[in-house]
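Novice: following is a predicted model, sequence given first.
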Amino acid sequence: MIIDFNTIFNSYKMEITGVIHVGAHHGEEIPVYINNGIKNIVLFEPVLDSFYKVASHASNYNANITGHQVALGSENKIVNMYLSSNQCESSSILKPKKHLELYPDVTFDKTEEVEVNKLDDYNLTDYNMLNIDVQGYELEVLKGAKNTLQYIDYIYCEVNSDEIYENNAYIEDIDNFLSEFSFVRIETDWWEDHGWGDAFYVKQE
């Protein structure tokens, strides 16, 4: 997380009932949530090996943590996911593009068939924060979460200003889509000049 979660949690006096984390990888953010008193967490991670690791990590905490080994998008389907060599941290449903130039040491030599569902299929009404880190597929996740968004107050989302992955959404696309649900981007932090970063959105009443 490029934007420090502890900082925004305190700065905006966030009142979080639960977190939906899409693209959980190995569960690196779990202790951050727990340390801020958030113990209602649901994790989505499609890559099998990563899901085993995040499930093992989650079992170390006394919290209400559930997990689903699926990807999220705007429609239910089966796709091949491009697996990255950096412990699958950069894996994506989208084919890598500028990522190959920016990080030549990271390769995508393998694929894995994964299931894609819509977030709305899970009827998660007790969670009011959404964290999305899916390597350029963020807008598709949001399109499949239109019903869920009525319960969400905060969104932490990876964003792009360049085509890091083929046909990835740009930050303006995310802004425009979320504005229809009364969300405003209030924090943005870019990773050097690499064309990607993180954004924080808050629902305006």
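Specialist: Yes, it's here.
Novice: contact partners for Phe5?
Specialist: By CB atoms under 8 Å, 6 or more residues apart in numbering, the contact set of Phe5 is Glu29, Val32, Tyr33, Asn36, Tyr156. C-beta coordinates here come from the backbone N, C-alpha and C atoms, glycine included.
Novice: give me that answer again for 6 Å
Specialist: Val32 (CB atoms under 6 Å, 6 or more residues apart in numbering).
Novice: now it, what are its backbone angles?
Specialist: phi -60, psi -40 (degrees, to the nearest 10).
Novice: now it: how far from Asn168?
Specialist: As defined by CB to CB, to the nearest Å, Phe5 lies at a distance of 23 Å from Asn168.
Novice: with Asn6 instead?
Specialist: Counting by CB to CB - Asn6 and Asn168 are separated by 28 Å.
Novice: just Asp121 next, same as before
Specialist: From Asp121 to Asn168 the distance is 23 Å (CB to CB).
Novice: who has more neighbours, those two?
Specialist: Counted by other CB atoms under 10 Å, Asp121 and Asn168 do not tie: Asn168 has more neighbours, with 28 against 15.
Novice: give me the pLDDT for the nearest residue to that one once chain neighbours are set aside.
Specialist: Closest residue in space to Asn168, ignoring its immediate chain neighbours: Gly136 at 2.9 Å, by CB to CB, 6 or more residues apart in numbering. Note on Gly136: pLDDT of 97.
Novice: so who does the most centrally placed residue in the chain touch?
Specialist: With distances taken as CA atoms, centre = their mean, Ile132 lies nearest the centre of the chain, 1.7 Å away. Ile132 is in contact with Val22, Glu138, Val141, Cys157, counting by CB under 6 Å, 6+ apart.
Novice: my guess is the second one meets Cys157, correct?
Specialist: So that's Glu138. Yes. Proximity of Glu138 to Cys157 meets the contact threshold set by CB atoms under 6 Å, at 5.4 Å.
Novice: hang on, isn't Ile171 packed against Val159?
Specialist: Yes. Between Ile171 and Val159 there is a contact under CB under 6 Å: 4.1 Å.
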